[in-house]
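J.: just need the structure, nothing else, for what follows:
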Amino acid sequence: MQRSTLLNLHLKLSFMTNPKISRLIKSLESKLETLELDGAKVLSISKKTQTSLQTNPGEPASSPKDALIQFKNEVNQCVKCGELAKSRHSVVFGAGNAKAKLVFVGEAPGHDEDEQGLPFVGSAGQLLTKMIEAMGMSRKDVFICNVLKCRPPQNRNPNPEEIINCSPYLWRQLDLIQPKIICALGKFAAQTLLSSTQTISQLRGNVHDCRGFKLICTFHPAYLLRNPTDKRKAWDDLKKVKAELEKSV
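T.: Numbers count the residues shown, from 1 in each chain. Coordinates of the predicted model:
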């Protein structure tokens, strides 16, 4: 598709409020993004769309981005969890900077994430974006992913077998990115990364060792939307994250 055609399409559709049109735009953005990751030269139809794996121009062929793209192609074929493989629309690998110093890890994709193939794009994702911006950063500076790469039906909690099946993918992502800090969002991410049964309230507030990575736990954005009074506690956690990042410079 010609670049001018894409831009004209965006300009025409951006003024329309039909939800179906909005979903079409987001779906097309995701497809274009995937093509770009596979090496095609395409133009995103939205300035707000972040490339799935951001790196610096001219990075060598053996870069973290190349390694993540190759790994993403592998993960996209996963059928370990039969129920999830049958019900999913997309495998939500993760998005952001392949050389990020900070990685956010959530629980599992929701409906919007499953539709678009990108992590944290629904209402919880909008709040996470604001949290990141409050730290003086943007989504293109960090990497965002989940413990599970596929949406559990009806957004149910991940079951232990699914976590066991998917955890190696998460650890491989972290090994490839080599972040300075991991921020676990919510109980499932924190308990998985720390092999713990403690609650998120017990785990937050400290800097943990996570297989050599520094890890700080905080509440999941979806929880904060339901319990806004805990946003101050979450901000305290993010200030710890920021302080640890500044130490690593």
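J.: residue ranges for the strands of this protein, please.
T.: Using DSSP state E, the strands of the chain run over residues 53-54, 95-97, 102-106, 143-146, 181-185, 207-210, 213-218.
J.: could I get the average pLDDT for the fifth one?
T.: Yep, that's strand 181-185 we're talking about. Averaging pLDDT along strand 181-185 yields 98.
J.: please renumber the chain so that the first residue is 51 from this point on.
T.: Understood, numbering begins at 51; the last thing we discussed is strand 231-235.
J.: could you check the angle strand 152-156 makes with it?
T.: 20 degrees (axes from the mean of the first three to the mean of the last three CA atoms, to 10 degrees).
J.: which strands and helices sit next to strand 231-235?
T.: Where contact means 3 or more CB pairs under 8 Å, 6 or more residues apart in numbering; DSSP states H and E, strand 231-235 is packed against strand 152-156, helix 237-244, strand 263-268, helix 281-298. The C-beta positions use only the backbone N, C-alpha and C, and glycine is treated the same way.
J.: got a markdown table for the strands of the chain, with mean neighbour count and distance to Val299 too?
T.: A markdown table is the format used below for these (neighbours: other CB atoms under 10 Å; distance: least, CB to CB, whole Å):
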| stretch | mean neighbour count | distance to Val299 |
| --- | --- | --- |
| strand 103-104 | 22 | 19 |
| strand 145-147 | 26 | 16 |
| strand 152-156 | 27 | 12 |
| strand 193-196 | 27 | 18 |
| strand 231-235 | 27 | 12 |
| strand 257-260 | 15 | 16 |
| strand 263-268 | 24 | 14 |
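J.: Asp164: which of those strands is closest?
T.: Asp164 lies closest, by CB to CB, to one member of the strands of the chain: strand 193-196, at 11.1 Å.
J.: and the closest one, what does it pack against?
T.: strand 145-147, strand 152-156, helix 210-227.
J.: what mean pLDDT would you report for stretch 271-283?
T.: Rounded mean pLDDT across stretch 271-283 is 98.
J.: contacting residues around that stretch?
T.: 160, 170, 173-175, 177-178, 181, 235-236, 254, 268-269, 284 (CB atoms under 8 Å, 6 or more residues apart in numbering).
J.: can you give me the end-to-end span of it?
T.: Terminal residues of stretch 271-283 lie 12 Å apart, using CA to CA, to the nearest Å.
J.: can you check stretch 136-155 too?
T.: 24 Å.
J.: do the same with stretch 197-211
T.: 12 Å.
J.: could you export the helices and strands packed on strand 193-196 as CSV, including mean pLDDT and distance to Asp280?
T.: Below are the helices and strands packed on strand 193-196 laid out as CSV (pLDDT from 0 to 100; distance: least, CB to CB, whole Å):
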stretch, mean pLDDT, distance to Asp280
strand 145-147, 97, 25
strand 152-156, 98, 16
helix 210-227, 98, 24
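J.: domains for the chain, by residue range?
T.: Split into domains by automatic domain parsing, the chain comes to 51-99, 101-298.
J.: would you mind finding the most buried of those?
T.: Across the domains of the chain, averaging neighbours per residue (mean count of other CB atoms under 10 Å) puts domain 101-298 on top, at a mean of 18.
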